[in-house]
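[1] Build me a structure from this.
(one chain, ligands or ions: 1)
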Amino acid sequence: MTTTTQSADATSVPAVGETVLDARGVTMRFGGLTAVRDVNLTVNSGEIVGLIGPNGAGKTTFFNCLTGLYVPTEGEVRYKGQVLPPTSYKVTNAGIARTFQNIRLFHNMTVLENVLVGRHTRMKQGLWAALLRLPGFKKTEAEAEQRAMELLEFIGLQDKAQHLAKNLPYGEQRKLEIARALASDPGLILLDEPTAGMNPQETRAAEELIFKIRDMGIAVLVIEHDMRFIFNLCDRVAVLVQGQKLIEGDSATVQGDERVIAAYLGEPVESEAAPAPAPAAEEAPETPEADGTDEAPADEAPSDEAPADEAEAPADEAEAPADEAPSDEASDAEESSEDAAEETDEAPSEDTKHDPASGKENDA
Ligand SMILES: Nc1ncnc2c1ncn2[C@@H]1O[C@H](COP(=O)(O)OP(=O)(O)OP(=O)(O)O)[C@@H](O)[C@H]1O
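    Below you'll find the predicted structure:
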């Protein structure tokens, strides 16, 4: 992958319809296993794009390639025309934020502090200004806190700003992760299963929240197994099967495509969206390798793929200088960050499978 340290201007909101993400020919191999193969995907401003596919299809791996956690074996990822740098901290700086499939909050920090952690990429004050608490630093700190409170209000958690993150209900922890991602003023946000574990009411609220994020001018790329949610939410949906993009199109096209039904959905999804017309595949690669030669059972995955500890820090924070930790719990943050630096992105569990129709997890 081509790498440069150039970063795009993250704070400028592009005109609607401008391409913010342009992934070309992204391929990710782990030894003999090709988890993602030659995937092209664009996301434009003002758009919500869904990424769906069976367990192990390569969705999270693709996200990791977009956010600098993995450097793709082949291909190139551009954000607002600039080739992305190969580290997650710089990718966040450039303007891409993400949430994780397994919630990664600083559990012993307050709700407000968690959002402030997400803000550190936009705080330009250095170590000495922080240590000496110079006026410039105090001003930046006050502005960061104000922005964090605005974001908490945006997600409806302003009254819980001083609660410890670990004491929030699960659905609110997911929302807090989104607020923390938004704190870096992204132009693109990647959401990895934002409704996993949520009840229908929370899922509906999450849907509304994502629409509001889109309306703020932020492009959204979302992985989900809840097909009703995806087809109601997304302007475009791409389907990954065995690491390859099978089809990309609007909700009606994708949910009516017989190959998608066969490979993933199982049956047409009842949704609030219009009934599916005849399939019109935009991109239809040859049948994804069915011989399984590339496939390795998940339990043979390398040890760095151990299930993520929920107390882990986001990789973005992992690379943040310790002096930028926003609270006296900096050591907590630092400790978590070290864990995150090991990039322990979770392996798909073999005994937990998703039911695409309901979006719920079932024991296999
Ligand atoms: N670090 C890694 N080392 C080796 N193999 C990996 C690694 N990360 C992912 N894989 C493998 O890549 C394949 C794609 O996994 P990935 O987690 O991207 O799928 P997914 O579509 O996100 O699945 P799910 O819907 O279950 O989250 C799987 O076979 C997985 O075991």
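[2] okay, and for the stretch 151-300 of the chain, where does confidence drop off?
    Low-confidence segments of the stretch 151-300 of the chain, defined by pLDDT under 70: 267-300.
[3] Tell me where it has helices.
    With helices called from DSSP state H, counting those that start in this stretch, the stretch 151-300 of the chain shows them at 170-182, 200-215, 227-233, 251-255, 258-260.
[4] Give the bridge partners for the closest residue in space to residue 98 that isn't next to it in sequence, please.
    The spatial neighbour of residue 98 that comes closest, neighbours along the chain excluded (CB to CB, 6 or more residues apart in numbering), is residue 190 at 4.0 Å. Yep, even glycine has a C-beta here, placed from its N, CA and C like the rest. Counting by DSSP bridges, residue 190 forms beta bridges with residue 98, residue 221.
[5] now residue 165: how far from residue 249?
    According to CB to CB, to the nearest Å, residue 165 and residue 249 sit 38 Å apart.
[6] again, but for residue 24
    Taken as CB to CB, the span from residue 24 to residue 249 is 19 Å.
[7] Stretch 79-93: end-to-end distance?
    End-to-end distance for stretch 79-93: 11 Å, by CA to CA, to the nearest Å.
[8] in that stretch, what counts as buried?
    79-80, 82-93 (16 or more other CB atoms under 10 Å).
[9] Then stretch 139-155?
    Neighbour-count burial for stretch 139-155, counted by 16+ other CB under 10 Å, picks out 140, 141, 144, 145, 147, 148, 149, 151, 152, 154, 155.
[10] what's the answer for stretch 98-116, then?
    Within stretch 98-116, the residues scored as buried using 16+ other CB under 10 Å are 98-101, 103-107, 109-116.
[11] before we move on, what about stretch 155-165?
    Within stretch 155-165, the residues that count as buried by 16+ other CB under 10 Å are 155, 157, 160, 161, 164, 165.
[12] which residues pair with the fifth one across the strands?
    Note on residue 164: beta-bridge partners by DSSP bridges are residue 110.
[13] Enumerate the residues of the stretch 1-150 of the chain near the ligand.
    30, 33, 35, 53, 55, 56, 57, 58, 59, 60, 61 (CB under 6 Å from any ligand atom).
[14] can you tell me which two in those are farthest apart?
    30 and 53 (17.4 Å; CB to CB).
[15] quick one: which of these two has more around it?
    Using other CB atoms under 10 Å, the more surrounded residue of residue 30 and residue 53 is residue 53, with 24 against 16.
[16] Can you read off the pLDDT for the more buried one?
    Among the per-residue scores, residue 53 shows a pLDDT of 94.
[17] and the gap between it and residue 174?
    21 Å.
[18] again with residue 76
    Distance from residue 76 to residue 174, by CB to CB: 31 Å.
[19] Could you tell me the model confidence score at residue 136?
    pLDDT, residue 136: 65.
[20] Next: the one 5 residues further on.
    On the pLDDT scale, residue 141 is placed at 73.
[21] any idea what sits nearest residue 203, other than its immediate chain neighbours?
    The shortest distance from residue 203 to any non-neighbouring residue, by CB to CB, 6+ apart, is to residue 195 (4.5 Å).
[22] Now the one you found, what are its backbone angles?
    For residue 195, the backbone dihedrals (degrees, to the nearest 10) come out as phi -110, psi 10.
[23] picking that back up, for the ligand, state which of the buried residues of stretch 139-155 is nearest.
    Nearest to the ligand among the buried residues of stretch 139-155 is residue 155, at 24.1 Å by CB to the nearest ligand atom.
[24] Quick check: the closest residue to residue 246 other than its chain neighbours vs residue 98, distance?
    Excluding its sequence neighbours, the residue lying closest to residue 246 (CB to CB, 6+ apart) is residue 239, at 4.6 Å. Relative to residue 98, residue 239 is positioned 20 Å away (CB to CB).
[25] Residue 119 now?
    Distance from residue 119 to residue 98, by CB to CB: 16 Å.
[26] Could you do residue 178 as well?
    10 Å.
[27] Find the residues that touch each one of the two.
    Common neighbours of residue 178 and residue 98 (criterion: CB atoms under 8 Å, 6 or more residues apart in numbering): 189, 191.
[28] Now the one residue in the stretch 101-250 of the chain that gets nearest to the ligand: closest residue in space that isn't a chain neighbour?
    For the stretch 101-250 of the chain, the residue closest to the ligand is residue 101, as judged by CB to the nearest ligand atom, at 6.0 Å. Once flanking residues are discounted, residue 101 sits nearest to residue 192: 4.4 Å by CB to CB, 6+ apart.
[29] Am I right that the one you found is in contact with residue 98?
    Yes. Between residue 192 and residue 98 there is a contact under CB atoms under 8 Å: 6.8 Å.
[30] any shared contact partners between those two?
    Common neighbours of residue 192 and residue 98 (CB under 8 Å, 6+ apart) are residue 63.
[31] follow-up on the earlier one: quick one: which of the buried residues of stretch 98-116 sit in helices?
    Applying DSSP state H to these, the entries found in helices are 111, 112, 113, 114, 115, 116.
[32] Would you agree the third one is in contact with residue 106?
    Meaning residue 113. Yes. Contact status for residue 113 versus residue 106: in contact at 7.0 Å, counting by CB under 8 Å.
[33] Tell me who's in contact with the residue nearest to residue 101.
    For residue 192, the contacting residues are 59, 60, 63, 98, 99, 100, 101, 223, by CB under 8 Å, 6+ apart.
[34] What is the nearest of the residues you listed to residue 206?
    Nearest to residue 206 among the contacts of residue 192, counting by CB to CB, is residue 99 at 10.9 Å.
[35] tell me the contacts of that closest one?
    So residue 99 contacts 174, 177, 178, 181, 189, 190, 191, 192, 194 (CB under 8 Å, 6+ apart).
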